Structures are given as structure tokens and as C-alpha cells.
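Colleague: give me the fold of what follows.
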Amino acid sequence: MRLKHRFDNVRVLHDTCEGFPTGEIDRVPKVNFRLDGTLHTALMRRARGANLSLSAFIRQALKQAVDERRRYVFSSQDEILATSIQILSIVATSVGQQSPKALEQGMAQARSILAERGLLGGEDA
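Modeller: Okay, the predicted model is just below:
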């Protein structure tokens, strides 16, 4: 079930039952805490990037924080990303050799898309 709330002009979706069998939700501990706006925005961006609700993303991050093996929860997405980067690097090299202007335009568009999604840091943003 998704409940919509509005506060400070930000719409927040709370997944109250995601990942829990029907009937067991009342027996699951509930934790409430406040986030500053910057952290909330960053978490929402990362959750969307992982194709998860905010609640599911935070639960996974908390599980990772207590994992004694210190493994990264979203490794499958990282593997897909690494493969995509390798493929795009090969394509960019080929395009750059044939048309440097087309490569320049493509890179500018890619930077814009990455910036919109909060995936560039520091001076690249």
C-alpha cells in the first residue's frame, strides 16, 4: 500500500507493506526519523536509480550497514553499469574517430542527463 503525504512542497511515498508477507506487517517494528532536505533528495535519487522505493532502499542500506561481510547490496546494478560503461566507451571511441563534433554533442547531452539525476559530483555537476 502506498500512502501519499505532502510536506514542505515535497511529495513522499511510503511503502508500508513492501517486502513483508500479508498479515505480518503489524508484527514488524516501525522506525521513524527525520531527514534534512538535502539528504532526502539524495536518497530519493539513489532509490530511483536502484529502481526501489525510498523505504526499500533505506532498508537495504541499513542491512548493508550491519552486514559483517561488508558486501555491497546493489552489486548486480554495479555489474550492469560497468558493462554499460565499457560498451559506451568503445562506441564513444569509434564515434570520436569518425566525427569529433558528434562525440562532443553526445558527451554534453550525457553530462546533462547525469547531472539531472544527481550522478555527477564536484566540478562535473
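Colleague: when you work out contacts or count neighbours from here on, use the C-alpha atoms and nothing else.
Modeller: Fine.
Colleague: which residues in this structure form helices?
Modeller: With DSSP state H as the criterion, the chain has helices at 37-49, 54-66, 75-98, 100-116.
Colleague: and the second one with helix 37-49, angle?
Modeller: Between the axis of helix 54-66 and that of helix 37-49 there is an angle of 100 degrees, by axes from the mean of the first three to the mean of the last three Cα atoms, to 10 degrees.
Colleague: same check on the last one?
Modeller: Orientation of helix 100-116 against helix 37-49 (the same axes, to 10 degrees) gives an angle of 120 degrees.
Colleague: swap in the third one?
Modeller: With the same axes, to 10 degrees applied, the angle from helix 75-98 to helix 37-49 works out at 80 degrees.
Colleague: low pLDDT regions in this protein?
Modeller: Confidence mapping of the chain against pLDDT under 70 gives the ranges 1-26, 68-78, 121-125.
Colleague: residue 53 touches residue 47, doesn't it?
Modeller: Yes. Counting by Cα atoms under 8 Å, residue 53 does reach residue 47; the two are 6.0 Å apart.
Colleague: quick one: which of those two has more around it?
Modeller: Higher neighbour count among residue 53 and residue 47: residue 53, with 20 against 17, using other Cα atoms under 10 Å.
Colleague: which of the helices of the chain sits closest to residue 31?
Modeller: Among these, the nearest to residue 31 by Cα to Cα is helix 54-66 (10.6 Å).
Colleague: show me what the closest one is packed up against.
Modeller: Where contact means 3 or more Cα pairs under 8 Å, 6 or more residues apart in numbering; DSSP states H and E, helix 54-66 is packed against strand 10-15, helix 37-49.
Colleague: alright, I will stop here.
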